[in-house]
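S.K.: Quick one: sequence plus predicted model below, questions after.
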Amino acid sequence: MFERSGSRFLPARALAASALILVTGLAGCGKGEAGKAAADSAAMAAAAPNPKTVAIIRAADWMGSEWSEDALKVGLQEAGLEPGRDFVFTISSAQGDLATLPSLIDAALDAKADVIVALQDETLKAAVERVKNTPVVFNVLSDPFAAGAGTSDSSHLPNITGVYSPGLGDPEQERRVALIQKLVPGVKRLGILFSPLEPLAVSMKDKMTASAKKAGLVVVAVPISSPTEGAEATTALIGKKVGAIEIYGNAAHAAFESVIKVAKENKVPVFSPSPFEVVKGATAAFFPDFQEGGVVAGGMVAKALKGESLASVPFFRLETTKTSIAGETPAAAPAQ
């Protein structure tokens with residue numbers, strides 16, 4: 001976990017209260033001493049920190065704080081900024097209901113957030129459409145170019161930069177298929193749950209299908225348009241006699257609890273691009289090291305908070321990947 005000690009500075013209200021207590025306690029002293037104490041306390045209150053706001057917005061909650069708040073905080077602290085003193089986080093999530101993302105973006109703008117952190121592709125897409133001046137830093141996503149954020153790592157919208165991993169670390173999906181075949185020996189049929197309204201999820205499903213067929217597997221794909229469809233979609237896959245299930249898309253991830261419940265009842269292993277779902281019952285995950293990416297993104301947020309234009313800050317392409325298997329310590333995947 002990326003936890004650092006809290007701020008050593010008191011908020012303005014606490015300092016003001018301290019000033020009042022100090023003056024009251026010195027009521028019996030000479031006017032000169034009390035006046036000086038009050039003046040000193042007032043000066044302390046005036047110098048109290050006025051932290052800037054970093055609005056973190058998620059499309060869904062399938063990543064842990066290690067990929068978002070904790071890693072961002074480390075990057076900010078490495079740049080010399082401290083929580084409470086220099087910045088505060090506000091956090092909101094669409095919880096897989098992507099239609100609500102524009103309202104979350106608008107809420108951050110209305111609140112005069114100093115920086116918006118867009119987590120996941122669909123959040124960035126909404127930010128590109130609605131945020132014209134406020135700095136935006138993205139993370140935990142695959143394709144900022146499809147979202148309209150830029151045409152190359154160095155040529156992008158002047159108020160937007162961030163960290164991405166093409167294909168969430170594995171564009172061809174071959175290593176995901178190999179992991180499934182290793183952990184489920186003899187598997188013949190692979191089920192895929194995906195979010196049909198999300199272009200990235202559809203693309204991942206198509207690439208996984210091609211790689212699985214190349215490896216000799218039969219693929220059955222079932223869509224999940226809403227988190228409420230998780231149990232029904234998983235039951236449909238089970239009915240197709242699949243030996244393992246992979247999931248893609250924010251709506252599908254938001255349905256994970258119902259997906260894993262049905263899968264476990266039928267003894268079908270579930271695989272995921274998120275290690276945090278391994279903790280919740282998935283068999284394994286192959287994923288980018290978005291802890292590393294979050295620290296980099298935190299450094300970008302720090303630049304924006306210090307007044308630097310993001311126009312000159314290139315996108316960062318995250319290459320490091322890891323594998324997490326239930327009951328094992330996550331390991332870095334070998335370079336390919």
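M.R.: Thanks, I have the structure now. These figures come from a predicted structure and were not determined experimentally.

S.K.: For the one helix or strand residue 278 maps to, what does the pLDDT average out to?
M.R.: Assigned by DSSP states H and E, residue 278 belongs to helix 275-279. Per-residue pLDDT values over helix 275-279 give a mean of 91.

S.K.: Which positions in it come out as buried?
M.R.: Residues of helix 275-279 classed as buried under the neighbour-count rule (16 or more other CB atoms under 10 Å) are 275, 276, 277, 278. Any C-beta I mention is one placed from the backbone N, CA and C, and that applies to glycine too.

S.K.: any idea how far the last one lies from residue 285?
M.R.: So the one you mean is residue 278. According to CB to CB, to the nearest Å, residue 278 and residue 285 sit 5 Å apart.

S.K.: any common contacting residues for those two?
M.R.: With contacts defined as CB atoms under 8 Å, 6 or more residues apart in numbering, the residues adjacent to both residue 278 and residue 285 are 272, 324.

S.K.: give me the number of residues near the closest residue to residue 90 other than its chain neighbours?
M.R.: Distances taken as CB to CB, 6 or more residues apart in numbering put residue 55 closest to residue 90, at 5.0 Å, once the chain neighbours are dropped. Applying other CB atoms under 10 Å, we find 24 residues neighbouring residue 55.

S.K.: same question, residue 219
M.R.: Residue 219: 19 neighbours (other CB under 10 Å).

S.K.: cool, the one 3 residues further on as well?
M.R.: Applying the criterion other CB under 10 Å, we find 22 residues in the vicinity of residue 222.

S.K.: And for residue 158?
M.R.: Per other CB under 10 Å, the neighbour tally for residue 158 reads 13.

S.K.: before we move on, back to that, quick one: what helix or strand has the residue nearest to residue 90 in it?
M.R.: With DSSP H and E as criterion, residue 55 is part of strand 52-58.

S.K.: Now tell me what touches the next helix or strand after that strand from outside.
M.R.: Later in the chain than strand 52-58, the nearest helix or strand by DSSP H and E is helix 69-78. Contact partners of helix 69-78, identified using CB under 8 Å, 6+ apart, comprise 1-4, 54, 56, 82-83, 86-87, 89, 91, 117, 139, 290-302, 305.

S.K.: mind listing which of those are in helices?
M.R.: 290-302, 305 (DSSP state H).

S.K.: and of the buried residues of helix 275-279, the nearest to residue 110?
M.R.: The shortest approach to residue 110 among these belongs to residue 276, at 30.5 Å (CB to CB).

S.K.: hmm, back to that, for the residue nearest to residue 90, what are its contacts?
M.R.: 89, 90, 92, 108, 111, 113, 115, 116, 117.

S.K.: Give me the distance between it and residue 193.
M.R.: 30 Å.

S.K.: And stretch 225-243, what's buried?
M.R.: Applying 16+ other CB under 10 Å to stretch 225-243 flags 226, 227, 229, 230, 233, 234, 235, 236, 237, 238, 242, 243 as buried.

S.K.: Oops, could you answer that again for stretch 300-319 instead?
M.R.: 300, 301, 302, 303, 304, 305, 310, 313, 315, 316, 318.

S.K.: wait, which of those is closest to residue 209?
M.R.: Nearest member of the buried residues of stretch 300-319 to residue 209, counting by CB to CB, is residue 318, at 24.6 Å.

S.K.: Would you mind confirming that that closest one is in contact with residue 291?
M.R.: No: look at residue 318 against residue 291 with CB atoms under 8 Å: they stay out of range, at 10.2 Å.
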